[in-house]
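Engineer: Pasting a predicted model and its sequence here:
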Amino acid sequence: MSVEKNKEIVVRWFTEFWGERFNPDVIDELAAPGIRFEYSMHDPCRGRDEVRAFATKFRASFPDLNFWGTAELLGEGDYVVGQWEGGGTHTGPAFDDLPLGSLPASTGKRMHFTGTTVLKVENGLITEEIGLDDGVTVLKQLGIIPDA
């Protein structure tokens, strides 16, 4: 597929998976069955079911979760790179998918942070999503580590 087509797939993924209006069907439509999904702040996921479980848990704990792009997507071959920012308010169930500590239910704490994601798109499906986010900022905002 062309780089432009790959970028279109990533735009749709960012909008429907990470945007304010989550569409869980996009997982089956755009993620490869064995997708590799890794971010520095969360346990790695393999496959659509694990990605769906992650998204469901994350969005239940942060119902207003929303991320958006902050720069033009870059593409080369099968890879698309995007910069983003966003966050949400913890008003839902307890959340424990963090490298340190966990949050009890409904803390009301807000997180807002940035990151960069590299996605691999093969034959119209996302086979990898690997992201690096500003985890220290998140952990401070959520009160998991002290603010210096």
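Structural biologist: Structure received. Residues are numbered from 1 along each chain as shown.

Engineer: What residues does the residue sitting nearest the centre point of the chain make contact with?
Structural biologist: The residue lying closest to the centre of the chain (Cα atoms, centre = their mean) is residue 18, at 5.8 Å. Residues near residue 18 by Cβ atoms under 8 Å, 6 or more residues apart in numbering: 66, 67, 68, 84, 86. In this view, the C-beta of every residue, glycine as well, is placed from N, C-alpha and C.

Engineer: Can you mark which positions in the lengthiest helix in the chain are buried?
Structural biologist: Counting residues, the longest helix found in the chain (DSSP state H) is helix 48-61. Within helix 48-61, the residues that count as buried by 16 or more other Cβ atoms under 10 Å are 48, 51, 54, 55, 57, 58, 61.

Engineer: which element follows it toward the C-terminus?
Structural biologist: strand 66-69 (DSSP states H and E).

Engineer: model confidence over whichever helix or strand comes after that next one, on average?
Structural biologist: As assigned by DSSP H and E, the chain's next helix or strand after strand 66-69 is strand 74-76. Averaged across strand 74-76, the pLDDT comes to 98.

Engineer: What is strand 74-76 packed up against?
Structural biologist: With contacts taken as 3 or more Cβ pairs under 8 Å, 6 or more residues apart in numbering; DSSP states H and E, strand 74-76 sits against helix 3-13, strand 79-89.
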